[in-house]
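Student: 3D, please:
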Amino acid sequence: MRSIPYGKQNITQEDIEAVIEVLKADFLTQGPKISEFEENFANYIGSRYAVAVSNGTAALHLAAMALGIEPGDRIITTPITFAASANCILYCGGEVYFADIDSETYTISLNSIEKLLRSHPKGYFKGIIPVDFTGYPVNLEDLRKLAIEHGMWILEDACHAPGGYFIDSKDKNQLCGNSNFADAAIFSFHPVKHIASGEGGMITTNNREVYEKLLVLRTHGITRENLIKDFPNPELQGGWYYEMQELGYNYRITDFQAALGNSQLKRADEGLKRRQEIAEKYYAAFSENKNIKLQKRSPNNYNAYHLFVIEIDDRKGLYDHLKANNIYAQVHYIPVHLMPFYKKFGWKEGDFPNAENYYEKCISLPMYPTLTDSEQDYVIEKVKSFV
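Tutor: Residues are numbered from 1 along each chain as shown. Model (predicted):
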């Protein structure tokens, strides 16, 4: 059996032709494909605005800035995520606070958040960054109630979950990232994600003010719009004139990346369907095995399945066994609060038992649309043989 990774991009001839078309055109960056990608993605997610950037971390950083994190602001997030979900807070000078995860869904626990909020005065925390981990949607309607009560904004990290949704109290499907309950959301187009553009990210929001701020921050803080009116000789302003009004960054995406993203977006639902089929097969294979714990499923949540995670007591043994058989599983994630850098702030083992217990046993099995039935059968066989 050939090597089987935990995740893999799917590049088609149509994707290649879309990129070649841009490479032969006039713009490699800051051209028409970017706005086209933004519009198409906003329509797909159901948000009012979308801003494409260079990667998911850039999306987190700019969204954090646009939502107004300032030095000393306290922001809550989950310890089970990629470090960037917390790092973006520090980039802005804020302070990171963690809330434990739900041991069944692996997403941030609403009870843990509420306990943290009740132990501090209202106004102590400014915002929260929940993560739709593995593709499992956080119920933002319930979280929004807490956020409103405590005067906080919500920045949804939906990198794992384009196309995922939860069902709200009015029986409506609320797509991850549509910003109906969050103030903004972010996505990643890293190769192992649902939509790949090499690197790339997107910020979605329904807030016009946040949207306009993002556009400026994405490009060095420089703009040709809403110019300051104190230019000494306005009649001498030509088409070259621009102003740097804020300290921004060069977080732009290229036209050929946007073209690839557009092409991939056309197959997004097809990929989601295949991920559901793969997940169903894993559940059927492992659900009766008492030595394997599976992520909870709920009729009110449509998991986008960026990852398929199982828990097993001898995780290292299984990892090595799979690797010896050309299956390259992965672990998502080492708890952020136990990273050496974050331990400097006083976080330690025992602070978040659910997150730490999960990490001791979790392993991500291969999950990507081009995984064949025979490859998945092989993975299942090797997991079962180890157990």
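Student: which stretches of the stretch 1-150 of the chain form strands?
Tutor: For the stretch 1-150 of the chain, strands defined by DSSP state E, counting those that start in this stretch occupy the ranges 4-5, 49-53, 74-77, 95-98, 127-129.
Student: cool, the stretch 251-387 of the chain as well?
Tutor: Going by DSSP E, counting those that start in this stretch, the stretch 251-387 of the chain shows strands at 293-294, 301-302, 308-311, 327-328, 362-365.
Student: Give me the distance between E70 and V51.
Tutor: The spacing between E70 and V51, counted by C-beta to C-beta, to the nearest Å, is 21 Å. C-beta here means a position set from N, CA and C on the backbone, and glycine is covered the same way.
Student: Who has more neighbours out of these two?
Tutor: More neighbours surround V51 than the other of E70 and V51, with 29 against 10 (other C-beta atoms under 10 Å).
Student: Where does pLDDT dip in the stretch 201-350 of the chain?
Tutor: Within the stretch 201-350 of the chain, the ranges that satisfy pLDDT under 70 run 229-232, 234-235.
Student: So the residue nearest the centre of the chain, which state does it fall into?
Tutor: Geometric centre of the chain, nearest residue: C159, 1.8 Å, by C-alpha atoms, centre = their mean. Following DSSP: H, G, I helix; E, B strand; the rest coil, C159 is assigned to coil.
Student: sorry, back to before: for the strands of the stretch 1-150 of the chain, give me JSON lines that also has distance to Y106 and mean pLDDT.
Tutor: Converted to JSON lines, the strands of the stretch 1-150 of the chain look like this (distance: least, C-beta to C-beta, whole Å; pLDDT from 0 to 100):
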{"stretch": "strand 4-5", "distance to Y106": "21", "mean pLDDT": "98"}
{"stretch": "strand 49-53", "distance to Y106": "27", "mean pLDDT": "98"}
{"stretch": "strand 74-77", "distance to Y106": "14", "mean pLDDT": "98"}
{"stretch": "strand 95-98", "distance to Y106": "14", "mean pLDDT": "98"}
{"stretch": "strand 127-129", "distance to Y106": "16", "mean pLDDT": "98"}
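Student: For Y319, find the nearest of these.
Tutor: In terms of C-beta to C-beta, the element of these nearest to Y319 is strand 4-5, at 13.5 Å.
Student: tell me which strands and helices the closest one is in contact with?
Tutor: Under the contact definition 3 or more C-beta pairs under 8 Å, 6 or more residues apart in numbering; DSSP states H and E, strand 4-5 sits against strand 327-328, helix 373-386.
Student: Please enumerate the helices of this protein.
Tutor: All helices of the chain, identified by DSSP state H, fall at 13-23, 32-45, 56-66, 84-91, 110-118, 140-149, 208-218, 255-265, 268-286, 315-324, 340-343, 353-361, 373-386.
Student: Just say which of the ones you listed is most tucked in.
Tutor: Burial of the helices of the chain is given as mean neighbour count (mean count of other C-beta atoms under 10 Å); helix 56-66 ranks first at a mean of 26.
Student: tell me the angle of that one relative to helix 84-91?
Tutor: Following axes from the mean of the first three to the mean of the last three C-alpha atoms, to 10 degrees, one obtains 40 degrees for the angle between helix 56-66 and helix 84-91.
Student: Now do helix 56-66: which elements does it pack against?
Tutor: strand 49-53, helix 84-91, strand 153-157, strand 184-188, strand 201-205, helix 208-218.
Student: so how far is the second one off the chain centroid?
Tutor: Centroid displacement of helix 84-91 relative to its chain, using C-alpha atoms, centre = their mean, to the nearest Å, is 13 Å.
Student: what sits up against that helix?
Tutor: 56-57, 60-61, 63-64, 69, 73, 75, 77-78, 95-96, 98, 129, 131, 157, 336, 342 (C-beta atoms under 8 Å, 6 or more residues apart in numbering).
Student: returning to what we had before: a markdown table for the strands of the stretch 251-387 of the chain, including distance to G239?
Tutor: As requested, these are exported to a markdown table (distance: least, C-beta to C-beta, whole Å):
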| stretch | distance to G239 |
| --- | --- |
| strand 293-294 | 60 |
| strand 301-302 | 48 |
| strand 308-311 | 53 |
| strand 327-328 | 53 |
| strand 362-365 | 52 |
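Student: Just name the most buried of these.
Tutor: strand 308-311 (a mean of 22).
Student: Next, the contact list for D132, please.
Tutor: Residues in contact with D132 (C-beta under 8 Å, 6+ apart) are 107, 138, 156-161, 164, 176, 304.
Student: How about stretch 238-257, which residues are buried there?
Tutor: 248-249, 251-257 (16 or more other C-beta atoms under 10 Å).
Student: Also stretch 332-349?
Tutor: For stretch 332-349, a neighbour-count test (16+ other C-beta under 10 Å) marks 332-333, 335-339, 342, 347 as buried.
Student: what does that stretch contact?
Tutor: With C-beta under 8 Å, 6+ apart as the test, stretch 332-349 has contacts from 77, 79-83, 85-86, 96, 98, 134, 307, 309, 351-352, 355-356, 359, 362, 364.
Student: Could you tell me the end-to-end distance of that stretch?
Tutor: Terminal residues of stretch 332-349 are spaced 18 Å apart (C-alpha to C-alpha, to the nearest Å).
Student: what's the answer for stretch 53-72, then?
Tutor: Its start and end residues considered, stretch 53-72 measures 26 Å (C-alpha to C-alpha).
Student: Stretch 222-242 now?
Tutor: One end of stretch 222-242 to the other measures 7 Å (C-alpha to C-alpha).
Student: again, but for stretch 123-141
Tutor: The separation between the terminal residues of stretch 123-141, taken as C-alpha to C-alpha, is 20 Å.
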